[in-house]
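**Student:** here is a sequence together with a model predicted from it:
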Amino acid sequence: MPEKKHFDVEKSIVPNHTMVISKILDPYTAHIAKFLHNIGISANLATIVTFILGISGIVVMVLMPNYTGLVIAATLITLRNIGDTVDGKIARGSGTTSPLGGFLDIFTDWIIFHAAFFVVLGYLTDSIIIGFLCVTGYMSREFTRTKFTHFYGTKITETNEAKDIPFIVYITRRYDIGTAFWLIPFVMLLINPSYILYFIAITEYSLLFGEVCFDLFLFIKKRVNLP
């Protein structure tokens, strides 16, 4: 039997994490990752199980469009949220990171789960257009930020120009869809779920507009050699 790789809890945690909720939970989810690793759960298997939990929550929302269904869905999605942070920690802590694992994580989360959740929530609340806007908003923003990093070699929030707008940078660094999903299961039990869609759509497009304007400003600045 091959010897199991040592699990490094400190390496499993992303240093200087800016997302407040994830940072608070990191010490706990890191030990969950260690436990799963010790019983033979790989990072890719954790990703697949996480995906199944999330999709199961969405299916429950469709089949049980009532408060009981929301409670069950919220529970499954919360477990999915935990798994979403654990799979990466298993990979980092055990030294088993791979391009396949990274692609699998992005494909199951960003492309399938998040999109399916917002579209289904939009359908159930008669706000299907807003649901689609949520999807196009966060995908467009992620694409814009990725292209910016590729073009300039640094994240948009780490440029010298960004230091002149610290409050906006502070908000941008601490908000993303992953952070929102820690709160969404609880929020949809307390208020009209359609409000979640409006909040996400407005937030994503506001940040997208701001980041695109900032991209344009830097582009023009470099072209005309402004100080």
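**Tutor:** Received, thanks.
**Student:** what packs against the lowest-mean-pLDDT helix or strand in the chain?
**Tutor:** Ranked by mean pLDDT, DSSP states H and E, the weakest helix or strand in the chain is helix 166-174, scoring a mean of 77. Using 3 or more CB pairs under 8 Å, 6 or more residues apart in numbering; DSSP states H and E, the elements in contact with helix 166-174 are helix 194-224. C-beta here means a position set from N, CA and C on the backbone, and glycine is covered the same way.
**Student:** Pro185 against Ala73, yeah?
**Tutor:** Yes: because the distance of 7.5 Å satisfies CB atoms under 8 Å, Pro185 is recorded as touching Ala73.
**Student:** of all the residues in the least confident helix or strand of the chain, which ones are buried?
**Tutor:** For helix 166-174, the neighbour count (16 or more other CB atoms under 10 Å) marks Val169, Thr172, Arg173 as buried.
**Student:** surely the last one touches Thr157?
**Tutor:** Yes: at 5.5 Å, Arg173 counts as touching Thr157 under the criterion of CB under 8 Å.
**Student:** name the element the spatially closest residue to Asn38 that is not a sequence neighbour belongs to?
**Tutor:** Of all residues not flanking Asn38 in the chain, Phe7 sits nearest, at 6.9 Å (CB to CB, 6 or more residues apart in numbering). Counting by DSSP states H and E, no helix or strand carries Phe7.
**Student:** need the contact list for Phe7.
**Tutor:** Ala33, Lys34, His37, Asn38, Gly93, Ser94 (CB atoms under 8 Å, 6 or more residues apart in numbering).
**Student:** so which of those residues wins on neighbours?
**Tutor:** Compared across the contacts of Phe7, Ala33 has the highest neighbour count, 29 neighbours, by other CB atoms under 10 Å.
**Student:** using CSV, please lay out the contacts of Phe7 together with distance to Leu53, secondary structure and pLDDT.
**Tutor:** Converted to CSV, these look like this (distance: CB to CB, whole Å; DSSP: H, G, I helix; E, B strand; the rest coil; pLDDT from 0 to 100):
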residue, distance to Leu53, secondary structure, pLDDT
Ala33, 16, helix, 93
Lys34, 20, helix, 93
His37, 19, helix, 93
Asn38, 21, helix, 92
Gly93, 21, helix, 91
Ser94, 21, helix, 90
